[in-house]
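# A structural model of the following input is requested.
(2 chains)
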Amino acid sequence: MLIGGVLVITRKNPVHSALALIVTLLAQASIYLMLYAPFVAGVQIILYAGGIMVLFLFVIMLVSIERSQRERQFNKQWVVGMVAATALGGLFIAVYTKGRGIFPEHSLPAVEAQNTQNVGTLLYGQYMFAFEIASLLLLVAIIGAVVMAKKRI
Amino acid sequence: MLDYIKSYLTSNLTPGSAGNMFWAFVYIVVIFLGLSVAVIAMNWLERKILAHMQVRLGPMRVGPHGLLQPIADAIKLLLKEDIMPAEADGFVFWMAPIFVVLAAFTVFIVVPFGPTHAVTDMNIGVLFMLGVSSLSALGIVMAGWASNSHYPLIGALRSSAQMVSYEIAMGMAVISAVMMTSLNQQGTGTLSMIGIVQAQQAQGIWFIFKFFPLGLIAFFIFAVAMVAETNRAPFDLPEAESELTAGFHTEYSGFRWSLFFLAEYSAMIAVSSIAVTLWLGGWLRPFPNLLTGAKWDLFFFLFPGITFLFLAGMCFYSTVRMPKHPLFRIQTIGLAGFGVALGLIGLILFIPAVRERVQDIYWFSMKVAAFMYLYIWYRGTFPRYRFDQLMKVGWKILLPMGLGVLILTAGVGLWPLIQQTIWNR
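So this is what the prediction gives:
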């Protein structure tokens, strides 16, 4: 996953970056599997790697690549970037070494067979309101995209 | 070591679930070989059946009745020059066929040929199959782009737009079938492929006939969407020979093209096995609960042997009808030998110990073979859809139908519960 992530940001060719992103997303799905969440892993592969990345690649291919590759790549803010990245890395290390008390001691690995059922029960039971709001948000996004893309309403 | 190998033989789990790596490897090798044989057979069958539907004969020269034609094709493809366009992106051009083949073959891990005859039984079997087969759309986009030429790019973009659109209709149909598995005592369904077939066995009905006509409509939606998903006629505009000069795999030659070909037929078999598992009862023989008893069991047990003996009979009949010219002598002998081999396999399948174990695999393979015949039949019958008609069918017709079937299946399935809640308040 780390290799995929690094490749995403260092490749000059945007299609290569998109392919590295696909590798990263597949690695993320396997991390979900290791956390005993097979349903989330499966949905990640279907939606993210198989749906969203295809649309990414559409857009990348429809935009001319040679012109953007010939432009001079510049990065004038690398000092600030390095400071921010070091600060974030320091924060992670501090939390991991000193803040062990925040995380639960030994969380029981959830029974893998029940992941789908548990997600379904929680999503449609306890978090029903959040589910409906999220679908409303997606509807608004779809309508916005259609309005922007139509020639005349 | 030997105990490790033998310890699996008495368990009733799939090798993956039992954690036995040796037998899982054996199953993988067997499935891989079987799939290769199936693709070769599909090549010959497609050319022959299309030809007979178009009132011509098909390949007749290479072997007796063209039986060695797939082998000749394979040798030709292996020996062809491997061309890469000059401006093509080397790494992506090389990776694309590999990616598509990987996506097409990985789904066979969860395909259930029997209650224990799968490589493994994941809890999310159906989800895994849908997800990994959607990765082949990515491989096609990569192939079209890496060729650095107009026709493959247009073909690749059209093909992936089509695949993404029809995945949604497929998902709706799959969900309504999976919902039917939850009509049991605990009220929880299952996404595992083996669990779905066992739910059909427990409920005593194939899901295609359940809640008539909802199961049938869901099956119909899936059947149309799966033909579109694999870019086959009548949805094969992305690789139409007359319009796009072979679409996204124009620039691929020789072995790389054969990888695309292999992946296409494997994907066809994979989505057919999803359809067979979800609606047609997987490995269950016809009428498992209606016609029970030892006599009916015996009747259905004889089917594998009878099938092979029938094929052997057809071989002998064609042998007799071969031209009596000395140049045809080798072909006649070859055909007779093939017939004898098929007859021997048929006779072996009559032995009681063998015929009971072969039942599950046989019925599953027969149902998938029926789907393959349907694929070839569609190709010979329907004219091609124009691309805007194709997208209209996917979004404006199949998707609302899928939503309707989903809601109605949920309603009809929960009807006893709804009745109880309303009338017993």
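# near chain B, which residues of chain A show up?
Neighbours of chain B within chain A, by Cβ under 8 Å from any Cβ of the partner chain: A:13, A:15-16, A:19, A:22, A:38-39, A:41-43, A:45-46, A:49-51, A:53-55, A:57-58, A:61, A:112-113, A:115-117. No exception for glycine: its C-beta is placed from N, CA and C like everyone else's.
# Can you read off the pLDDT for residue 63?
You didn't say which chain, so I picked chain A. Turning to A:V63, the model gives it a pLDDT of 73.
# switch to chain B, that's the one I care about
B:G63 is assigned 82 on the pLDDT scale.
# who's in contact with it?
B:Q69, B:I71, B:Q331, B:G334 (Cβ atoms under 8 Å, 6 or more residues apart in numbering or on different chains).
# can you check B:M163 too?
Contacts of B:M163 by Cβ under 8 Å, 6+ apart are A:V54, B:S134, B:S136, B:A137, B:I140, B:A228, B:E229, B:N231.
# What helix or strand is it located in?
helix B:150-180 (DSSP states H and E).
# List the buried residues of that helix.
Buried residues in helix B:150-180, counted by 16 or more other Cβ atoms under 10 Å in any protein chain shown: B:151-180.
# Repeat that for stretch B:64-71.
Neighbour-count burial for stretch B:64-71 [16+ other Cβ under 10 Å]: B:P64, B:H65, B:G66, B:L67, B:L68, B:Q69, B:P70.
# next one: stretch A:22-41
A:22-26, A:28-29, A:32-33, A:36-41.
# re the thing from before, now the residues of chain A next to chain B: which count as buried?
Buried among those by 16+ other Cβ under 10 Å: A:15-16, A:19, A:22, A:38-39, A:41-43, A:45-46, A:49-51, A:53-54, A:57-58, A:61, A:112, A:115-117.
# Only alpha carbons, please: show stretch A:83-103 as PDB.
Written as PDB, here are the backbone C-alpha positions of stretch A:83-103 (Å, rounded to 0.1, in the frame of the first residue of the first chain):
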ATOM      1  CA  VAL A  83       7.500  21.000   7.900                       C
ATOM      2  CA  ALA A  84       3.900  19.900   7.800                       C
ATOM      3  CA  ALA A  85       4.700  16.300   6.900                       C
ATOM      4  CA  THR A  86       7.300  16.100   9.700                       C
ATOM      5  CA  ALA A  87       4.900  17.600  12.200                       C
ATOM      6  CA  LEU A  88       2.200  15.100  11.200                       C
ATOM      7  CA  GLY A  89       4.700  12.200  11.400                       C
ATOM      8  CA  GLY A  90       5.800  13.400  14.800                       C
ATOM      9  CA  LEU A  91       2.200  13.500  15.900                       C
ATOM     10  CA  PHE A  92       1.600   9.900  14.800                       C
ATOM     11  CA  ILE A  93       4.700   8.700  16.500                       C
ATOM     12  CA  ALA A  94       3.800  10.500  19.700                       C
ATOM     13  CA  VAL A  95       0.300   9.000  19.700                       C
ATOM     14  CA  TYR A  96       1.500   5.500  19.000                       C
ATOM     15  CA  THR A  97       4.200   5.500  21.700                       C
ATOM     16  CA  LYS A  98       2.800   7.600  24.500                       C
ATOM     17  CA  GLY A  99      -0.900   7.400  24.000                       C
ATOM     18  CA  ARG A 100      -1.500   3.700  24.300                       C
ATOM     19  CA  GLY A 101      -4.200   4.200  26.900                       C
ATOM     20  CA  ILE A 102      -6.600   5.700  24.300                       C
ATOM     21  CA  PHE A 103      -6.900   2.400  22.400                       C
END
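# got the residues of chain B near chain A?
Listed as neighbours of chain A in chain B under the rule Cβ under 8 Å from any Cβ: B:89, B:91-92, B:95, B:122-124, B:127-128, B:130-132, B:134-135, B:137-138, B:141-142, B:145, B:153, B:157, B:160-161, B:163-164, B:167, B:188, B:191.
# what about the residue lying closest to B:P352 once chain neighbours are set aside, neighbour count?
In space, and not counting its chain neighbours, B:P352 is closest to B:F301: 8.0 Å by Cβ to Cβ, 6 or more residues apart in numbering or on different chains. B:F301 has 18 neighbours, counted by other Cβ atoms under 10 Å in any protein chain shown.
# ok, now B:N424?
Neighbours of B:N424 using other Cβ under 10 Å come to 6.
# so how far is A:Q114 from B:F219?
As for B:F219, its distance to A:Q114 is 29 Å (criterion: Cβ to Cβ, to the nearest Å).
# These two: which has the busier surroundings?
Comparing B:F219 with A:Q114 by other Cβ under 10 Å, the one with more neighbours is B:F219, at 23 against 14.
# Need phi/psi at B:I124.
Main-chain dihedrals, B:I124, degrees, to the nearest 10: phi -110, psi 40.
# surely it meets A:Q44?
No: the pair B:I124 / A:Q44 is not scored as a contact, 11.3 Å apart, by Cβ atoms under 8 Å.
# Which residue of the two possesses the greater neighbour count?
The residue with more neighbours, out of B:I124 and A:Q44, is B:I124; 26 against 21, by other Cβ under 10 Å.
# how close does the more buried one sit to A:A37?
Where A:A37 is concerned, B:I124 sits at a distance of 10 Å (Cβ to Cβ).
# Check A:R11 too.
30 Å.
# what's near enough to touch B:V110?
So B:V110 contacts B:A118, B:V119, B:T120, B:D121, B:M122, B:G125, B:F128, B:M129, B:S192, B:M193 (Cβ under 8 Å, 6+ apart).
# Against chain A, how distant is the residue lying closest to B:K80 once chain neighbours are set aside?
Spatially, and ignoring its direct neighbours in sequence, B:K80 is nearest to B:G254 (3.5 Å; Cβ to Cβ, 6+ apart). From B:G254 over to chain A the distance is 24 Å, taken as Cβ to the nearest Cβ, to the nearest Å.
# Tell me the backbone dihedrals of the most centrally placed residue in chain A, please.
For chain A, A:L25 is the residue whose C-alpha lies nearest the centre (Cα atoms, centre = their mean; 7.1 Å). With angles defined as degrees, to the nearest 10, A:L25 sits at phi -70, psi -40.
# which one is B:V39 nearest to, not counting chain neighbours?
Residue nearest to B:V39 in three dimensions, not counting chain neighbours: B:Y265, with 4.5 Å by Cβ to Cβ, 6+ apart.
# And the helix or strand where the one you found lies, how far out from the chain middle?
Using DSSP H and E, B:Y265 maps to helix B:255-279. Centroid separation between helix B:255-279 and its chain, computed with Cα atoms, centre = their mean, to the nearest Å, is 5 Å.
# For it, enumerate the helices and strands it packs against.
In terms of contacts (3 or more Cβ pairs under 8 Å, 6 or more residues apart in numbering or on different chains; DSSP states H and E), helix B:255-279 is packed against helix B:21-53, helix B:69-79, helix B:90-106, helix B:125-146, helix B:150-180, helix B:193-203, helix B:214-229, helix B:352-381.
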